[in-house]
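Enquirer: Need a 3D model of the sequence below.
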Amino acid sequence: MSYEVRAVVSVKKGAPVEVQTIVVPEPGPSEVLVAVQACGVCHTDLHYREGAINDDFPFLLGHEAAGTVEAVGAGVTDLVPGDYVVIAWRAPCGACRSCRRGRPWYCFDSLNAAQPMTLLDGTPLSPALGIGAFAEKTLVAAGQAVKVDPAARPEAAGLIGCGVMAGYGAAVHTGGVERGDTVAVIGCGGVGNAAIAGASLAGARRVIAVDIDDAKLNGAERFGATHTVNSRGTDPVAAVRELTSGFGVDIAIDAVGRPETYRQAFYMRDHAGVLVQVGVPDPELTIELPLIDLFSRGGAVKSSWYGDCLPSRDFPILIDQYLSGRLDLGGFVTETIRLEQVEEAFAAMQRGEVLRSVVVF
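Expert: Have a look, this model is predicted:
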C-alpha cells in the first residue's frame, strides 16, 4: 500500500517551490511512516532550493518536524503507531568508526529510509536532510523518529529537530559552556537565540548578544541575553572586551558563518577561549588569520555539526525543559502558515522578519 499526500517540492534550481501530490510508500524494514503535524521553515530548505547543497532535484523540502507515527515496518520494536515523535536528520548507525569509538553524534553513516518517495510519475524525490517533512506524511528510518512527551505543542516541538538543537548544542555540547562562563553569540536568528538559551541554561554568568538589528537584539533578551551589542556602528570585539573587564569571553559562537563574523568571534575570546562556528557558510567563502595569532591566543576553534547532539538523548531533555518553562520554544515561532505559504515564508526569512515560520497541518 502507498499513500498520496500533498507536499512542497523544489523542481529546479532557484525556481519557486510547488505544492504537488507525491507518493509515500508503506514502511519497509526499519522504516516508519510519520503523519506530520508541524514543520519549521529553515534556511537549509532555502539552500536546497537554491542548489547550494547539491543538484539532486527534485527535492522534497522540510526537515524540522514533529508528528505521530502512523505505521512501522518490520523489525521496528521501539516505536508503535500513535507515538508522538520529533524527526532527527542524524540517526547514528552504531557501526561506523565514530559510533564504534563512542562518538555517535559524529556518525559517518547516518540512517535514512531505504525506499524513495516519488512524484506521481515515479520520479524519485531527494528528501531534505533525509526527511522531507513539508508533506502530510513522510517516510524516515526508525532511528530518525525520536519519541517525546506528547504534551509538547508540535509547532514548538518540531524546531528542536534542527535549528534549536543546532544552536543549543553549539553552546552546551561543542562550546562546553559551564556555570560562571562568559559567552558571546554573533547573530540573533533562530540558531543564535537557541545558543543564547543554551548558554543561559548552562549557567553562564554573562551572555552577550551581537547583531546589526536592534529588534533582534531586543528579542535575544527573551532567551537569556544579559547584554547586547549592535555591531552596525560599534566594534563588537572592543564592546565585548569592555563588557568582560578587557579580557574577552570564554566562549564565542558565530551563528552567522561569514569571514567577518568568524574573525570577530576569534578576537573577542579570552586567551585559551573557545570559538564555535555553527552558522553555515557559503561554500565559496574563505577566512585568513595570522598564524601567529592562532598559535599565541591558544584555546580551541571548533565547528558544531547539529550541535554535536545525540537526538535520542537530547530531544527528550529539551522537550522536558520546554514543558517545565525553562526553554522558551514557543518564542521561536513567529507565525504558523499553510503548506501553500512556504515560498512566502522563504521571502520573510530572507528579509529577516521571522525567527521561524512553521507549517501546521
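Enquirer: Distance of Val229 relative to Asp214?
Expert: In this structure, Val229 lies at 11 Å from Asp214, with Cβ to Cβ, to the nearest Å as the measure. Placement of C-beta: from N, CA and C, glycine included.
Enquirer: Looking at these two, which is more packed in?
Expert: For Val229 versus Asp214, neighbours defined as other Cβ atoms under 10 Å are more numerous around Val229 (24 against 11).
Enquirer: Next one, pLDDT for the more buried one please.
Expert: At Val229 the predicted local distance difference test score is 98.
Enquirer: residues in contact with the helix or strand hosting it?
Expert: For Val229, the enclosing helix or strand under DSSP states H and E is strand 227-230. With Cβ atoms under 8 Å, 6 or more residues apart in numbering as the test, strand 227-230 has contacts from 206-214, 217-218, 220-221, 236, 239-240, 243.
Enquirer: Let's see which of these end up in helices.
Expert: Mapping the contacts of strand 227-230 onto helices (DSSP state H) picks out Asp214, Leu217, Asn218, Ala220, Glu221, Pro236, Ala239, Val240.
Enquirer: out of these, who's nearest Ser304?
Expert: Each of these was checked against Ser304 using Cβ to Cβ; the closest is Ala220, at 18.6 Å.
Enquirer: residues contacting the closest one?
Expert: Counting by Cβ under 8 Å, 6+ apart, Ala220 makes contact with Val185, Cys188, Gly192, Asn193, Ile196, Ala209, Asp211, Thr228.
Enquirer: try Pro311
Expert: Each residue near Pro311 by Cβ under 8 Å, 6+ apart is listed here: Val86, Ala88, Arg90, Ala91, Gln144, Val146, Met165.
Enquirer: quick one, what contacts the first one?
Expert: This means Val86. Ala65, Ala66, Ala145, Val146, Val148, Ala157, Gly158, Ile160, Gly161, Pro311, Phe315, Ile319.
Enquirer: Equivalent analysis for the last one, please.
Expert: The contact partners of Met165, taken as Cβ under 8 Å, 6+ apart, are Ala194, Tyr306, Gly307, Cys309, Pro311, Asp314, Phe315, Leu318.
Enquirer: how about the helices in this structure?
Expert: Counting by DSSP H, the chain has these helices, from start to end: 43-49, 97-100, 154-157, 163-169, 190-201, 214-222, 236-242, 259-267, 291-297, 311-323, 342-350.
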